[in-house]
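>>> I would like the atomic coordinates for the input below:
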Amino acid sequence: MKVMPTLEGGLRIDLEDRDDWGFLYAIHHDVTACDSHLADRLGSAVSHQEIADDWREFVVPDLDLSFSSQLNVVAEAITRARDEADDGPGTLWIRRDDAYDWYGALNQARLAIEECHHFGPGESVDPLSLEPGARQAFLRSQFYCALQSLLLENGMG
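Numbering: from 1, shown residues only. Predicted coordinates:
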């Protein structure tokens, strides 16, 4: 897989095979693998009961809708590009207009991975010391972070 900026201010991702497509589909899997939605997890951090009740009633539904929308934009883009490529080599374009949705979905995936594995700061993790499933999750998280950085530099400026 190769990722490069476009002149229009987005990203172009060239995928070489079925494994590359699967790696991108993991974004959706990582976001939905947690037992609870991100909006609910964020709300659980609110400790004052009166504020927590208001948060659950007024904020969580809107956050949940926004997070779901971001994930749907990303999943649809991946599916569309993968169908066009017939599971083989192909290109996925992240347009400037979709950069915020991609950034948000990648952030959700990274937060979900951290929730499940508790890696902490990435520079303190030795991937070789992790079990295979955790190592794969850590590497996906690092890839998502790198992709977010590229989006910040090239798609969200």
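>>> in the longest helix along the chain, what's buried?
The longest helix of the chain (DSSP state H) is helix 60-85. Buried residues in helix 60-85, counted by 16 or more other Cβ atoms under 10 Å: 60, 63-64, 67-68, 70-71, 73-75, 77-78, 81-82, 85. Every residue, glycine included, has its C-beta placed from N, CA and C.
>>> How many neighbouring residues does A134 have?
By other Cβ atoms under 10 Å, the residues close to A134 number 17.
>>> mean confidence score for whichever strand or helix holds W93?
Using DSSP states H and E, W93 sits in strand 90-94. Averaging pLDDT along strand 90-94 yields 97.
>>> Now do the helix or strand following it: distance to the chain's middle.
Downstream of strand 90-94, the first helix or strand assigned by DSSP H and E is helix 99-117. Remark: helix 99-117 is offset 4 Å from the chain centroid, using Cα atoms, centre = their mean, to the nearest Å.
>>> same question, stretch 52-66
21 Å.
>>> and that stretch, how far apart are its ends?
Start and end residues of stretch 52-66 are separated by 19 Å (Cα to Cα, to the nearest Å).
>>> mind listing what the nearest residue to T91 once chain neighbours are set aside touches?
Of all residues not flanking T91 in the chain, D14 sits nearest, at 5.4 Å (Cβ to Cβ, 6 or more residues apart in numbering). Neighbouring residues of D14 by Cβ atoms under 8 Å, 6 or more residues apart in numbering: 1-4, 89-91.
>>> Using CSV, please lay out those together with neighbour count and distance to Q142.
Formatted as CSV, these follow (neighbours: other Cβ atoms under 10 Å; distance: Cβ to Cβ, whole Å):
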residue, neighbour count, distance to Q142
M1, 14, 14
K2, 10, 17
V3, 17, 13
M4, 10, 18
P89, 12, 24
G90, 18, 23
T91, 12, 23
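>>> Show me the shaky parts of this protein.
The chain contains residues with pLDDT under 70 at 36-46, 157.
>>> Now for D86: which residues touch it?
Counting by Cβ under 8 Å, 6+ apart, D86 has no contacts.
>>> Which phi and psi values does it adopt?
phi 50, psi 40 (degrees, to the nearest 10).
>>> and the gap between it and A137?
29 Å (Cβ to Cβ, to the nearest Å).
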